[in-house]
Every structure is written in structure tokens, then in C-alpha cells.
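Undergrad: based on what follows, work out the 3D shape:
(2 chains)
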There are 2 protein chains.
Amino acid sequence: MGIVVQKFGGSSVADVEKIKNVAKRVVETKEAGKAVVVVVSALGNTTDELISLARQISPNPPEREMDMLLSTGEQISVALLAMAIYALGHDAISFTGYQVGILTDDSHTKARILDVKSERVLEELDKGKIVIVAGFQGVTIDNDITTLGRGGSDTTAVALAASLKAEKCEIYTDVEGVFTADPRIVPDASLVPEITYEEMLEMAATGAKVLQLRSVEFARNHGVVIHVKSSFTGGAGTVVKEEDKEMERPIISGVTHDTGEGKMTIFGVPDRPGIAAKIFRPLAAANINVDMIVQTVSYEGYTDISFTLSIDDLLKAENIIKGIVEELGAKGYAHDKGIAKVAIVGAGMKSHPGVAADMFDVLAKNGINIQMISTSPIRIACIIEEKHVEDAVRALHDHFQLSEEAVTSETL
Amino acid sequence: MGIVVQKFGGSSVADVEKIKNVAKRVVETKEAGKAVVVVVSALGNTTDELISLARQISPNPPEREMDMLLSTGEQISVALLAMAIYALGHDAISFTGYQVGILTDDSHTKARILDVKSERVLEELDKGKIVIVAGFQGVTIDNDITTLGRGGSDTTAVALAASLKAEKCEIYTDVEGVFTADPRIVPDASLVPEITYEEMLEMAATGAKVLQLRSVEFARNHGVVIHVKSSFTGGAGTVVKEEDKEMERPIISGVTHDTGEGKMTIFGVPDRPGIAAKIFRPLAAANINVDMIVQTVSYEGYTDISFTLSIDDLLKAENIIKGIVEELGAKGYAHDKGIAKVAIVGAGMKSHPGVAADMFDVLAKNGINIQMISTSPIRIACIIEEKHVEDAVRALHDHFQLSEEAVTSETL
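TA: Now for the predicted structure:
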């Protein structure tokens, strides 16, 4: 019997009525003859409420204890969903990350899945039960609870689908799928019916919130086809899969943006070999992900180094950078929270030179200054002032003719 | 280094400020040179809120899933308390029931502790950490989460104290200790400074809410001395321990009452050997605790059988009794939620005959009819109409001279 993994995000289980709706949808799949494994996030804003509770206790709570705290959110969801499925006359059983054997490393608050021991899941599926698994959480070999970072439930679903060799991995969310831009900023953004893992990775890395970056990596590495769908409408959604050579790709698949990053600059760094490692190794050791890095041309033996990172890590990074500035004899450092990243992503870019120049042109014509640039074969990202981000997204979306009408008229 | 187990109930950790106060108290004990293990209940009304959430999903949710749900309450508390202790500059680590190895049977919602594997606790105490354990929860050998029933955190604390051979087990609560009657009903009830396990068991069984019955059983079986104290005042509290032969015991230690029970009666049961077993074995199998049982004198080959049980189990029991009535060819059944139990408890009763007669006299003089009677060497309990319960408690407390002034004047 084919196994289907279905993942429902926090907004899909935000209240009792919504949980009952998810139960109905799950039961429909079961009654259609599938073995169903459901992955659920915490109810609505539970995670944020727990974080706020923790902050009232301590401005900088230990991460192991944060994971202990936050993992309760998903545990509540799975128990309630199991009850709702029972109430519909079907047999269900809920599991925590620990119980299902989601083994992770010990990087608390952003742990990586090392292994999924799915024996218990298979055993319960064999008994005809619907299996419900708490997303977002795992356990170290020392039995300490970990969490997988924001959106980690997507990764749980993909990892389970890979481990169970599921025939489908459906990610239900509060949006219709992947769009050519954030529809809140670009109302005529169009739905992308199919997208490659690589494009999805670049979009997730540059701000598209639909899927967690790591879940897409995991899916690519294990060949899991992800189907992103709306929990609330019956829309077709977006399929994320291997690049299909037959298919004509559009040059640009989407415009993304991210206002969740900040910029740090270290001024007057003595320009010697090895300084970059001296700066970025301690940040990596502290589990801080650095995104873009720019080093200015050396002037009289000194250089400035800027990098971007998640605003959430800014405080932690600053504490580390303080010591580094002293150690290197640099002149000082500063941070800037008022930046944004805007990016264009598209597999078709590889065979179309000049796309980067187009992007810079569009931004310049709109009076938007570029602070940092980062490119990959299928993505160009620019750091700009945060206040210009919506204008930039609209101008780029318009220029690359990504709206529904533009796409249609081009096709005709 | 001596180990102290401290347990804090839900009202002691009802909000952020109270959690911080508990952290201070724990740190004081640690700084006084003790190895400290803290057991915590869920924050304030969390458990009730979770139960209400479950009831909105299903009127009769599966008990395994209830345990999955309810155990999150304590997990939140332990994480927050660990953070609060960290914020005071001490090292702390929190554990769920599973992580600490609290192994139970699989009677979900009222599981019994089979074993406590305290290696991990000892390991962390050896590192100088304050260890915080989620009360009320355990795990079966199949790794399913269980809960220990209302007040189960007391049992967690006592079981840990026994397993760790702790020198002290302190139960912090929102009352000053054990009283001669509920002070809300009898304002001049007096604090009992010392009480035997047996008396405490009888008091817990007949309605005293201070300690969970099972925790007292566990303490008696393992010789753990329990010290019940207020979280909020510096009062002396009550020590629960082995009977001290030297000590003169008062005849009556306290008057208790319980309005949480209901009565079921099966009418016209054919009076054959084995009928009682036919009725009570299926109830026991369904994990329903029956308290008092009364069978009327047989009349023309038929008898009526009444028993009391927790109101929470009434619905479940009724479903079972329905089938039994049919099977036995009995005439029918009825239930009554409007009853109450009132009891007097005292080790001194053993050497003072006539106490039961005194009790019946007092109730009769106050116009209170007795429906059922149950006695033990140190306890007499009567089922009466619920509306008379406060009058009964006051009259008995008065008759046996248990108030502060009465005790004092008698001593003089």
C-alpha cells in the first residue's frame, strides 16, 4: 500500500475547527486506500507565545531549554489531531520526534537530522493506523530534545517521506503554492506550477517563506518530490522536483525578498592572509549562518569587511565580533538592521547572459542603491536599503514579465 | 553531598514572577551546599486548559492521546524554571519523565511508577547542576508517554527521593500544610505538625487534597519522610512519617470530606454467589477505582448493590454497568451525583472504642442521614447528601475539639 506523507503548518491547525478540517482531509486520503503519515506544526502562534514566555524569564535563555520548551507546541498539535481523527471513527496514534526516532545532531534550535528510524511508524501503519508525527523536533543520541529551526516541520515531513519511501510528500500551507513574488507586495504575481529543487533552494535562501531551505536540500538529496498545496482551497499548487530536461524553463522563475537579515561591518582590518578565517570561523563555531560577504579593496594595508546574517543572530555575533576586533587590531565595527535582500531566481538564467545587468539597471532606474551583490548560476541577489524593498520587488517582477497577464499574453 | 528533592505545585509556578521566586528558593538550597532535584507541576491552570481543548475536539478522547497532550504542561514548566535558574547564574538542566527514566505501567491517565532509573540525574548532579524534572509523567517500556493522575507530581517527587536516597523530600504547596479540616469550611482548623503515613493515607483517601494518595503510599513503602510546606510563607508545615511509638497521638487527627464522588446502585440483582465479582471485575479492568460498596440484605432472592466512585469515571462505569445489568438479569440501575463523603481520621482511634458511635450521634443530632458507612482501624467514613457536607464537617470538627483554641485549652 502506498504511503502518503502530509504536512500541515501552524495556520492549518490554528484552532479546534481547523484541526477538525485537517482530520477530515487526512481521513479522506486514508479512505482512498493510502497509508497516511501526518506531520503537524504547533497550533497557530503557539511557538511565538512560548518564545515570549521564555524572554520574560531570561533575555538569553539556554538553547537546550528553548528546545525543551518549544517542542511542546507540536506535541499538543499531534495529540489533538489524533483525537480529532478518533472522533471521525478512525484509528490514529501520535508520536513525538523522539518516539519516532528522528535522530539529530546537538545544534539546539537549529539541529540537523542525522537519521530517521521509522520502524515504529511502519509497525503502526501495518496495524491500519493513521500515524501523526510532531514536526520541527528530534532527539540527540543523549536523549536531549532538539528543534530544527523555523519551518523545520517541512524537513520532518521530507525526511519521513524519504525514510518511508513514500509515494507522495504533500506540504499543506496557507498559500496556494510558490509564486513569482510575494502576492502581498505584487498582487498579480502568478503561481509557479513546477519548479526545480535548485530554483526552490535559491528562492528559499533569498526569502521565499513557502518551504524551509533545509527541507528542499533534504528532498533534493533523497529525490523526494514535494507537492506544496493550500490547506484551504483545492488549488493545484506547486510541484518541486528534479529538473526536467524536456521542459522549456522561463528565464526568471521568481523575485524574492528578505527583510530578516542585518549587516555587520568591521572597519580597518589589517589586510593579512587568514583574517577572513579568523573572523568567520568563530561565527561558524557559534552556529551563526553568514549569508553574503563583501571585502573592500585594501587601502594602505587596511580593508573593511561586511557580511549579512539573520537579525536573530545579530546580538550573538556582536559579542563574538567585539573580541575579534580587539584581537585583529581592527578599527571598529557597526551593524545595520535597515537592509533588505532582493533576488531574482531562474534556471533559464544559465543560458541567458545579461540578466544581472538587467537587474542592476532596473534598480538604478528606480533610484535604488546596491550595497552588496551575490550571484550563483541561477540567482542574483542584491542588498539594498530596507525602505526600497517593495519598490524593488515590483519593478523587477514587472520588468521580467512574471505577472499572470504577462505570462498569458506572451504564450498567446 | 546530601540530595534534597523539592516539589512545587502548579500554583507555585502560576506565572513568570512565581517561577522566578521558585528559582530563588531552589538556588538558596543549592548555595546552602545541597544537591538539588526539583520536581515541577504544570503552570497554574495549564492542565485544565489542555483538558478543555481536548473536550472541544472529542467528548471522550483516547487516554493515550490525553497523556501525550497533558504531559506538555510540565515540560513547559521545567524548561522555564531551568531558564530562570540560569538567569540567576546557576547551572540547571531540565528533564521530561521519559528522559529521567520514570518507567510506568500503561494505565494511561493514572499510570503507576514501576521503576526510576536515576543515572542521568546523578550524572548531572555530579556536574554541579540543579536538576529539574517534569512531574506527573512517565513512560512505558514501549516509549509511550503516561501521566500519573491528578497530583501525580507528588508521587514523582517521592519516587525520585526514594531512588536517589535523598535526605529530604519537600513538597511546596499553596497551603501551610495538613489541617484538621479544610480551613475554607472550618476557619479555626489547626495545622497538624506531624502525621503518620497511615493517617495521611486515610485523609488523602477521604478527600484531603494536600498530597496525592499514591505519593503517600510510595513514601510509606520506601520510608521517604515528606515535608509539606507553603511556597509562599515560611511556616513550619507538616511532616509525614513513620508512627513514632513514644508520641501520644490525639484520638482524631482530622475531619476530611470529598464531594468528587458519585454513587451507583444496581437494583434487583439475583442474589447468587459470584455476582459481586461479575460487577466489579469489569470495572477494575476498565481502571475504575470503586471506593465504598454496600449490599442490602437479600429479599426474595434479590439484592441491591450500591458503590461510590469518582464522578469523572461515572460515564465510563455506566456504559459497563448497562451490559452487566442485562447479563445478570437485574432490574435496573441509577446514579446519584449529589452525595459527599465525610470522614474522621486518627491513629488514636485504635485504642479508643466508641468513636464511631460518637460520629453517628453528631450527624444524627444535626439531622444528617447516613447512606453508607465504611470503617478502618483509624478512619470512619460516611456517605451523606452533598448539601449537608459543610455542616457535617463543622459539627465533627467541633465535637472532637480540633480547633486551635480547643487544642490549646486542653493542653493547659
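Undergrad: contacts only, for the closest residue to A:G151 other than its chain neighbours.
TA: Leaving aside its sequence neighbours, A:G151 sits nearest to A:Q212 (Cβ to Cβ, 6 or more residues apart in numbering or on different chains; 3.2 Å). Using the backbone N, CA and C atoms, a C-beta is placed for each residue, glycine as well. A:Q212 sits next to A:148-155, A:204 when contact means Cβ atoms under 8 Å, 6 or more residues apart in numbering or on different chains.
Undergrad: what of A:G348?
TA: A:G348 is in contact with A:249-253, counting by Cβ under 8 Å, 6+ apart.
Undergrad: where along the stretch 301-412 of chain A do the strands fall?
TA: In the stretch 301-412 of chain A, the strands defined using DSSP state E, counting those that start in this stretch lie at A:302-310, A:332-336, A:339-345, A:372-376, A:379-385.
Undergrad: so which of the ones you listed is the most packed in?
TA: Comparing those by mean neighbour count (mean count of other Cβ atoms under 10 Å in any protein chain shown), strand A:339-345 ranks first with a mean of 26.
Undergrad: need the residues of the stretch 51-200 of chain A near chain B, please.
TA: Contacts of the stretch 51-200 of chain A with chain B, taken as Cβ under 8 Å from any Cβ of the partner chain, map to A:53-54, A:56-58, A:61-62, A:64-66, A:68-69, A:71-72, A:75-76, A:78-80, A:82-84, A:86-87, A:93-94, A:96, A:98-99, A:120, A:143-145.
Undergrad: low-scoring stretches of the stretch 101-250 of chain A, by residue?
TA: Residues of the stretch 101-250 of chain A that meet the criterion pLDDT under 70 lie in A:246-249.
Undergrad: I'd say A:E386 and A:A340 touch.
TA: Yes. At 4.4 Å, A:E386 counts as touching A:A340 under the criterion of Cβ atoms under 8 Å.
Undergrad: mutual contacts of these two, please.
TA: A:T259.
Undergrad: the residues of the stretch 51-200 of chain A next to chain B in strands, which ones?
TA: Among those, the members found in strands (DSSP state E) are A:93-94, A:145.
Undergrad: if we can go back for a sec, so which of the strands of the stretch 301-412 of chain A gets nearest chain B?
TA: strand A:302-310 (21.6 Å; Cβ to the nearest Cβ).
Undergrad: pick out whichever of the contacts of A:Q212 sits closest to B:V269.
TA: A:S153 (55.2 Å; Cβ to Cβ).
Undergrad: that closest one: how many residues sit nearby?
TA: Neighbours of A:S153 under the rule other Cβ atoms under 10 Å in any protein chain shown: 28.
Undergrad: what about it, is that helix, strand or coil?
TA: Three-state call for A:S153 (DSSP: H, G, I helix; E, B strand; the rest coil): helix.
Undergrad: not counting sequence-adjacent ones, nearest residue to it?
TA: A:S153 sits nearest to A:G135 (Cβ to Cβ, 6+ apart), 2.6 Å away.
Undergrad: number of nearby residues for the one you found?
TA: Neighbours of A:G135 using other Cβ under 10 Å come to 30.
Undergrad: spit out the contact partners of A:D258.
TA: By Cβ under 8 Å, 6+ apart, the contact set of A:D258 is A:206-207, A:340-341.
Undergrad: residues in contact with A:A284?
TA: Applying Cβ under 8 Å, 6+ apart to A:A284 gives the contacts A:V290.
Undergrad: now swap in the one 5 residues further on and tell me
TA: With contact set as Cβ under 8 Å, 6+ apart, A:N289 has these partners: A:309-310, A:313.
Undergrad: now do 7 Å
TA: A:309-310 (Cβ atoms under 7 Å, 6 or more residues apart in numbering or on different chains).
Undergrad: and it, what's its pLDDT?
TA: Confidence at A:N289, expressed as pLDDT, is 88.
Undergrad: what sits opposite A:L191 in the beta ladder?
TA: Per DSSP bridges, the residues bridged to A:L191 are A:F179.
Undergrad: hmm, A:A395 is touching A:A364, no?
TA: No. Judged on Cβ atoms under 7 Å, A:A395 makes no contact with A:A364 at a distance of 10.4 Å.
Undergrad: between those two, point out the one with more neighbours.
TA: A:A395 (19 against 11).
Undergrad: where does that one land on pLDDT?
TA: Note on A:A395: pLDDT of 96.
Undergrad: how much space between it and A:T180?
TA: In this view, A:A395 and A:T180 are 14 Å apart by Cβ to Cβ, to the nearest Å.
Undergrad: try A:L314
TA: Taken as Cβ to Cβ, the span from A:L314 to A:T180 is 30 Å.
Undergrad: more neighbours, the two?
TA: Taking neighbours as other Cβ under 10 Å, A:L314 and A:T180 compare with A:T180 leading, 27 against 19.
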